[in-house]
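Engineer: A predicted structure for the sequence below; I have some questions about it.
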Amino acid sequence: MKKGYLVGERLQLRAVEPEDLELLYTMENDPETWDVSNFNVPYSKYVLRQYIENSQCDVFADRQLRLMIACRDSGLVVGTLDITDYNPLHARGEVGISIRREFQGQGYATEALGLLCDYAFGFLHLKQLVAHVAVDNEASLRLFSACGFVKCGVLKEWWRVGDGFKDVALMQRLR
C-alpha cells in the first residue's frame, strides 16, 4: 500500500479498537445526528461491542468499512468515516462521515474525506463513491463538493425527519 493512503497532514484514519467503545456509544446515540443518517434508534454497548469484536476491518469481507478519524500527534479521535453498501461487482460504495461537534469547522472532515477517497480509488480500486446529503445541510454539501463529489440528483422526501420528510441530494464522485 502506498505510504500515506490513510495518513494525512494532521490526521490518520485507523481501524476501530475496543477502546473506542465509549466514544462510539456516545456518537451513535446522539439523536441530533439521526436526521442525517439511516439510524433512528439507540445502539446498546453490547451491540457496539459485538460489532467491534466481529468486524474483520475488511471491506471485501464485511461489505463495509468503518474508520476512526484521529489526530496524528495526539491520537485524539475527532470522528468516524464509513464506506457502506460496498458492491464489489460494480466497484462502488456509499460514504458517511461524522465529526464530533467540538471539532467541526476545523477542516478535519475535508482532510479525512480526501484520505478516504485516495484510499478507495487508489488502493481499493473503486470506480465510484456516493453520499446522501440532506439538501438543507449546506456544510455537508460544501464538504462533498470540495472533495470532488458532484450533485447528480435529488431524492424527494427521502428521509423521514420528525413529522415530515426531507429531500436528499445524491452526491457522486467517479474515479
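Structural biologist: In hand now; what should we look at? Numbering: from 1, shown residues only.
Engineer: Report the contact partners of the residue lying closest to L11 once chain neighbours are set aside.
Structural biologist: Leaving aside its sequence neighbours, L11 sits nearest to E111 (Cβ to Cβ, 6 or more residues apart in numbering; 5.2 Å). For glycine as for every other residue, the C-beta is placed from the backbone atoms N, C-alpha and C. Going by Cβ atoms under 8 Å, 6 or more residues apart in numbering, E111 touches G8, E9, R10, L11.
Engineer: pretty sure E111 is in a helix, no?
Structural biologist: Yes. Counting by DSSP: H, G, I helix; E, B strand; the rest coil, E111 is located in a helix.
Engineer: For R160, give the beta-bridge partners.
Structural biologist: Judged by DSSP bridges, the bridge partners of R160 are F165.
Engineer: re the thing from before, among the contacts of E111, who's most crowded?
Structural biologist: For the contacts of E111, the largest number of neighbours (other Cβ atoms under 10 Å) sits with L11, at 23 neighbours.
Engineer: pLDDT score for that one?
Structural biologist: Looking at L11, its pLDDT reads 97.
Engineer: wait, it sits on L115?
Structural biologist: Yes. Using Cβ atoms under 8 Å, L11 is in contact with L115, at 6.8 Å.
Engineer: Thanks a lot, see you next time.
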